[in-house]
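> Pasting the sequence and the predicted model now:
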Amino acid sequence: MAMSDDPTLSFVTPRVAAGALFLDESGEKVLMVVPSYKDYLDIPGGYVEHGETPRQAVVREVEEELGIRPPIGPLLVTDWWQDSPESNGGPKVLMVFEGQLDNEMEKQIRVDGQEIVDHRWVDVDVLDGVTIPRLTNRLRLAITARTQRSVLYLENGETTPTASGGAGDVLSSAPPAPPAT
């Protein structure tokens, strides 16, 4: 019997969220937002609304939360977060895109004051002290993916074993960037 022929089969309907990873020029600090409704720092982003793509959601959310519209680069991480008591409403697909922020655009940041009350640069080394462990791990792996010019697939914030036994499914890999001139 084909899966679609079984009326008792239930399909998962995950919520989809997307955020932007903005790094400072040194690559050692992450731009984090201070949400009014959470007790930890987060990255700019949010849930994908009907009729938009994850990339469009990131653009919209960054503009709503920070008042700017910076370029959003490639996807870095896709994380399947399984249903659990702390998953807040069932399974999720959580995506992190590379955000591109220059000094001029950074000066234009204006938090909305409602949903987001502040923003700050946080050293990568102290992320685990300001946010939840799964986001810390997701961000560190997104930084790795950015460095490797790849896209990583995670499950519950962790890399998954590959067929060769290594860690970290790489969904795609771009050729190395040309050297700076």
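Sure, I can see it.
> Contacts only, for the most centrally placed residue in the chain.
For the chain, the residue nearest the mean C-alpha position is Val96 (2.4 Å; Cα atoms, centre = their mean). By Cβ atoms under 8 Å, 6 or more residues apart in numbering, the contact set of Val96 is 18-21, 43, 45, 75-77, 79, 138-139, 142. In this view, the C-beta of every residue, glycine as well, is placed from N, C-alpha and C.
> Kindly export the top strand by length along the chain (C-alpha atoms) in PDB.
In terms of residue count, the longest strand belonging to the chain (DSSP state E) is strand 72-81. Provided in PDB are the C-alpha atoms of strand 72-81 (Å, rounded to 0.1, in the frame of the first residue of the first chain):
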ATOM      1  CA  ILE A  72      20.700  38.200   3.600                       C
ATOM      2  CA  GLY A  73      23.200  35.700   2.300                       C
ATOM      3  CA  PRO A  74      23.200  32.000   1.900                       C
ATOM      4  CA  LEU A  75      21.600  29.400   4.200                       C
ATOM      5  CA  LEU A  76      24.100  28.100   6.700                       C
ATOM      6  CA  VAL A  77      22.100  25.600   8.900                       C
ATOM      7  CA  THR A  78      18.900  23.700   8.800                       C
ATOM      8  CA  ASP A  79      17.900  22.200  12.100                       C
ATOM      9  CA  TRP A  80      15.100  19.700  12.600                       C
ATOM     10  CA  TRP A  81      13.900  20.200  16.200                       C
END
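> Parallel or antiparallel, which strands does the helix or strand following that strand pair with?
Later in the chain than strand 72-81, the nearest helix or strand by DSSP states H and E is strand 92-99. Here strand 92-99 has these sheet partners by DSSP bridges: strand 15-21 (parallel), strand 72-81 (antiparallel).
> thinking again about what came up before, so which bits of the longest strand of the chain are buried?
Within strand 72-81, the residues scored as buried using 16 or more other Cβ atoms under 10 Å are 72, 75-81.
> would you turn those into CSV with pLDDT and distance to Asp123?
CSV is the format used below for the buried residues of strand 72-81 (pLDDT from 0 to 100; distance: Cβ to Cβ, whole Å):
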residue, pLDDT, distance to Asp123
Ile72, 97, 23
Leu75, 98, 24
Leu76, 98, 19
Val77, 97, 20
Thr78, 97, 25
Asp79, 95, 22
Trp80, 94, 28
Trp81, 90, 25
